[in-house]
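Asks: mind folding the following:
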Amino acid sequence: YYHPPLYPWFIRGIYALSGAANPDAVRVVQVVLGALSSAMVVLLSSLLGATPKRAGVAGLAMALLGSAVYFDVDLLPASLATLMVLTGLVGLVAPAKRWWPGYAAFGLLSGLCLLLLPSVGLAIAAVLGWAALRHNLRGALLAGGLAAAIVAPVAVRNYQQQPDLVPISYNGGSTSGSAT
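Replies: Numbering: from 1, shown residues only. As a prediction, the model looks like this:
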């Protein structure tokens, strides 16, 4: 793939559900994702020990953040990526009776997020390293394995198309309007 594949798949899915290639349908869905991201900030803040008032202020700040509002209505993967990252972090810090569901959720969402915005890979690796060193090596390995399993079919497809090691996309972060 030249560009990471998840966002075009996401758009294609919305177009299929709406019955037409309607960019406004994508914008509406992304605004909803932005609202859900604000709710995830409230939840994550609460899980990390914030008082309800401070958690609410954090969620309100997310909802009113100018760049987040801008990206919610532009056809870019930022809204979906933000929600995935926040939801994955909630999975890691939420108390659970068993260790593995939160790590599994983080791994699955990390793999999807890599297919959406590969530049988050370094942050994902840092979180997994922190988890391995400080909390649960098995959980970090589970999450990393699930993320790799999500990325693997795309890497195999890329190798079949062009026999080079290109796990996700080969545009190097460039956009169609960039100077070379």
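Asks: where does pLDDT dip in the protein?
Replies: Scanning the chain for pLDDT under 70 picks out 172-180.
Asks: hey, where'd the helices end up in it?
Replies: 6-18, 23-47, 52-64, 66-73, 78-93, 100-116, 121-134, 137-161 (DSSP state H).
Asks: what's the second one in contact with?
Replies: By that I understand helix 23-47. Contacts with helix 23-47, where a contact means Cβ atoms under 8 Å, 6 or more residues apart in numbering, come from 11, 14-15, 17-18, 52, 54-56, 58-63, 68-69, 71-73, 75, 79-80, 82-83, 86-87, 89-90, 93-95. In short, each C-beta sits where N, CA and C put it, glycine included.
Asks: hmm, back to that, now distance to P167 and mean neighbour count too, for the helices of the chain, in CSV please.
Replies: Listed next are the helices of the chain as CSV, based on distance: least, Cβ to Cβ, whole Å; neighbours: other Cβ atoms under 10 Å:
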stretch, distance to P167, mean neighbour count
helix 6-18, 13, 15
helix 23-47, 25, 18
helix 52-64, 31, 15
helix 66-73, 25, 14
helix 78-93, 17, 22
helix 100-116, 8, 23
helix 121-134, 9, 15
helix 137-161, 4, 16
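Asks: between those, which gets nearest to Y170?
Replies: For Y170, the closest of the helices of the chain is helix 137-161, at 7.3 Å, according to Cβ to Cβ.
Asks: and the closest one with helix 121-134, angle?
Replies: Using axes from the mean of the first three to the mean of the last three Cα atoms, to 10 degrees, one finds that helix 137-161 and helix 121-134 are set 150 degrees apart in direction.
Asks: if I look at V29, how far off is P23?
Replies: 11 Å (Cβ to Cβ, to the nearest Å).
Asks: meant to ask about S169
Replies: From S169 to P23 the distance is 22 Å (Cβ to Cβ).
Asks: how about A50?
Replies: In this structure, A50 and P23 are 36 Å apart, going by Cβ to Cβ.
Asks: next: L36.
Replies: Distance, L36 to P23, by Cβ to Cβ: 20 Å.
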